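Colleague: Predicted structure and sequence below. I'll ask about it afterward.
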Amino acid sequence: MTDNIEHPVDLLAELALGVLPEDEATEVQAHASQCGSCAHELSQMQRVALLLPFAVDESVPEPSVKTGLLARIAAEPRPIRAREVVRPRWQWAMAVAAASAFLLVGGGVLGAMLSGDSVSNRNEGRQASLVQAVAQGTFSTSRGEQGGATVTLVRAPGEHYAFAWVADLPALPADKAYQAWFIRDGKPEPSTVFRSGSGGVWIEAGDAIERFGSMALTIEDSGGSKSPTTAPFVAVELQKSVRASLN
Amino acid sequence: MSDYSLAEDTDLVFAVAAGQDSALSVLYDRFHRQCFAFSLRILGAEGDAEEAVQETFVRVWRSASQYDRGKAGVGSWVLSITRNLCLDELRRRRRRVPQMPTMDGAFDLADAERTDVTAERAIVGAQVRDALQSLNSEQRSAIELVYFHGLSSQEVGSILGVPAPTVRSRLRLGLLKLSGVLQAQGLVSVD
C-alpha cells in the first residue's frame, strides 16, 4: 500500500450500514478486498452494525402473528420436500449392488464412520442385510430433494445405517466434501463424509435411524466436521417414513 | 413432535432447514419480541410491524438452508431479514415522515424458555444502548437515520442541513467509536 492510493474511507460506514448504492458498494468492496486497512475498518463497522438492532427495547406483538405465521407455512409448499418414495424392489436391489461396486472400486466414502473393519467386509454385511429386507418387503425409503439434487435413503428396519442414493449433487472443490448428519431433537449428529456427487453411499447413524427426525447433508472441509459449519442444502425427513409398498 | 426448547439457536435453524416446523415455532418464541420492536422502531405502526414480523419468519423458514453461521449469529441474521423487509416497505411509502427514534427505556423481560438466552440478549441490548449514548448527538442522529430508516448520507444531510460528506464523516467516526466501546465490553472481537 502506498500513500498515493485513495481510500474510500468515507463510504465504508454506508457500506457497513447497508445503504450504499450497489455500484458504489461493489467498488468499495473491491477496494477493501485489496486493502488491509480499509478491510479492517469495514470489518469493525460491520460487527457494530450487526449489534445495532439489539439496542431497541423488546416489545410483544399480538399472539395472532404467530398463529398466522404457522398457518402460512402450513399452507405453503415446503422449501425442502421430503416424501415417501415407492420403487420396485428390483430397482433397489440393483442400486444396492451398484453402491457396493461403487464403494469397492471408487472408494467414494472417505470413511469417517466406516473406519475399523475393512470397508468391503462391512459393506458386504450391510448389503446382505438390506437385500434381505428388500426380499422380505420390510425395507422403507425416504427422499429429500432441493435444487435438482436428490438423496434417497433405503433402509432395513432397526439398522443403524442406510443406503443412500445421491443424484445430481454438484462436484466439489478438492478441499471440500459432503457430510451427512442425523438430527435428533434439533441436534445434528455427524455421520458419513463422502465426495461423490452421484451414486450410492452407506450412511451410518449411531442409533436406529427411526429414532432421528431427519437426515441432512452439508458441505464441509474434506475431513468432515464434528458439528455443521454450513446449513443443510437438502434434508430427508425420517419420522414420516413408512414401509414401502412392493407393488 | 421433537422438543427444541433447549436447543441452541444455530441448531434450531439447522432443524428448520431440515424440515422441522416445530423448531421454527421455538425460533419465533426466542426472537419475535426483538423482531417486533425493531420493526416497530423502523415502521412506526404496530400493524405494519406485525406484518414484518410474520414475513420475517416466513423468510427464515424458506431460507434456513442459506444461513451461514460464519457470517452472523442467528439473532443478527433474523434481524437483518427484518431490516431489509422494513426498509423495502419504507422505500415504498416514503410519504410517511420518519419519527426520530429514541434509545431510552428498559428491557421488558417476557417469559421465555431459555431465560439465560433472554438475559444475555438483555445485557447485550443494554450495552449497545449505553455505547450509543457515548456518541455525541450528531453522530448518534446520523447513525439512527441511516440504520433505522435506510436513508442515504445525502438524504440525512438534507434533513440535518449539512453536506453529505459531513454526514459520512459523522457515520464513520460514530461507528469507529462504537466499535471501540463495544470491544472494551467484549461484544466485538478484536482482530
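Modeller: Sure, I can see it. Residues are numbered from 1 along each chain as shown, chains lettered A, B, ... in the order given.

Colleague: need the helices for the chain, in chain order.
Modeller: You didn't pick a chain, so chain A it is. A:9-16, A:22-34, A:36-51, A:63-75, A:89-101, A:119-136 (DSSP state H).

Colleague: that's the wrong chain, I wanted chain B
Modeller: Going by DSSP H, chain B shows helices at B:9-17, B:21-43, B:46-63, B:74-92, B:115-133, B:137-149, B:153-160, B:164-184.

Colleague: In TSV, list these along with distance to A:Gly125.
Modeller: Backbone N, C-alpha and C define where each C-beta goes, glycine included. Listed next are those as TSV, based on distance: least, Cβ to Cβ, whole Å:
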stretch	distance to A:Gly125
helix B:9-17	31
helix B:21-43	35
helix B:46-63	40
helix B:74-92	41
helix B:115-133	45
helix B:137-149	60
helix B:153-160	68
helix B:164-184	56
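
Colleague: any chance of those helices in TSV, plus mean neighbour count?
Modeller: Compiled in TSV, the helices of chain B are given as follows (neighbours: other Cβ atoms under 10 Å in any protein chain shown):
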stretch	mean neighbour count
helix B:9-17	26
helix B:21-43	24
helix B:46-63	21
helix B:74-92	19
helix B:115-133	16
helix B:137-149	21
helix B:153-160	18
helix B:164-184	20
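
Colleague: just to revisit the earlier point, lowest-confidence stretch among the helices of chain A?
Modeller: Per-stretch mean pLDDT for the helices of chain A is lowest at helix A:89-101 (a mean of 51).

Colleague: Name the residues that touch stretch A:7-23?
Modeller: With contacts defined as Cβ atoms under 8 Å, 6 or more residues apart in numbering or on different chains, stretch A:7-23 is touched by A:24-25, A:27-29, A:31-32, A:35, A:37-38, A:41-42, A:45-46, A:48-49, B:83-84, B:87, B:143, B:146-147, B:150-153, B:165, B:168-169, B:171-172, B:174-175.

Colleague: so how far is it from its chain's centroid?
Modeller: 34 Å (Cα atoms, centre = their mean, to the nearest Å).

Colleague: buried set for that stretch?
Modeller: A:8-20 (16 or more other Cβ atoms under 10 Å in any protein chain shown).

Colleague: Lowest-scoring secondary structure element of chain B by mean pLDDT?
Modeller: helix B:115-133 (a mean of 77; mean pLDDT, DSSP states H and E).

Colleague: Tell me where the model's unsure across chain B.
Modeller: B:1-3, B:93-121, B:190-191 (pLDDT under 70).

Colleague: Residue nearest the middle of it, spatially speaking?
Modeller: In chain B, the C-alpha closest to the average C-alpha coordinate belongs to B:Leu79, at a distance of 4.4 Å (Cα atoms, centre = their mean).

Colleague: Need the nearest residue in space to that residue, chain neighbours excluded.
Modeller: A:Pro53 (4.0 Å; Cβ to Cβ, 6 or more residues apart in numbering or on different chains).

Colleague: now A:Thr229
Modeller: A:Glu220 is the one closest to A:Thr229 (Cβ to Cβ, 6+ apart), at 6.0 Å.

Colleague: pretty sure that neighbour is in contact with A:Asp175, am I right?
Modeller: No: if you go by Cβ atoms under 8 Å, A:Glu220 and A:Asp175 don't touch, sitting 10.1 Å apart.
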